[in-house]
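Participant: All I have is the shape, not the residue letters:
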């Protein structure tokens, strides 16, 4: 079940524990958007383009660790979703510039809210991860085995 399909505001429907069939999840517009902006690189590219337009090589240098192929795929996906505009200038060699569309600009507010939430709760998240990792560790072998002499 997609929260958008429940008729209940997302803030109210979020805590509901309702089974979700895979086909419903894949057709959910929220899941679709999260697949795009939730990947490793799209958020970084959107945030950078929110500052100013960039040429491809400028973006490649600004997004540490991204390959040219992955940057190309990321930009094409964002462009296909209407979040990024690609402009080719008639120069030799051709210059290509990327910028956020008006729609892409509307994504900056929600991304900022998620970033603020993550920073505000970073300590709690790290503590929970550490506790989960510790709970997943097998018992120490240095403890005396019961019943053995």
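Facilitator: Perfect, I can see it now. Quick caveat: nothing in here was measured; it's all calculated off a predicted structure. Numbering: from 1, shown residues only.
Participant: Can you name the residues that contact residue 116?
Facilitator: Under the criterion of C-beta atoms under 8 Å, 6 or more residues apart in numbering, residue 116 has no contact partners. Placement of C-beta: from N, CA and C, glycine included.
Participant: so what secondary structure elements neighbour the longest helix seen in the chain?
Facilitator: As assigned by DSSP state H, the longest helix anywhere in the chain is helix 122-136. Of the remaining helices and strands, none touches helix 122-136 by 3 or more C-beta pairs under 8 Å, 6 or more residues apart in numbering; DSSP states H and E.
Participant: Looks like residue 53 contacts residue 96 (just checking).
Facilitator: No. The pair residue 53 / residue 96 is not scored as a contact, 10.4 Å apart, by C-beta atoms under 8 Å.
Participant: Between these two, which contacts overlap?
Facilitator: By C-beta under 8 Å, 6+ apart, the residues touching both residue 53 and residue 96 are residue 87.
Participant: got the buried residues for the helix or strand in which residue 76 is found?
Facilitator: Using DSSP states H and E, residue 76 falls within helix 68-80. Residues 71, 74-75, 77-78 are the ones in helix 68-80 that count as buried (16 or more other C-beta atoms under 10 Å).
Participant: And residue 135, how close does it get to residue 89?
Facilitator: Distance of residue 135 to residue 89, given as C-beta to C-beta, to the nearest Å: 56 Å.
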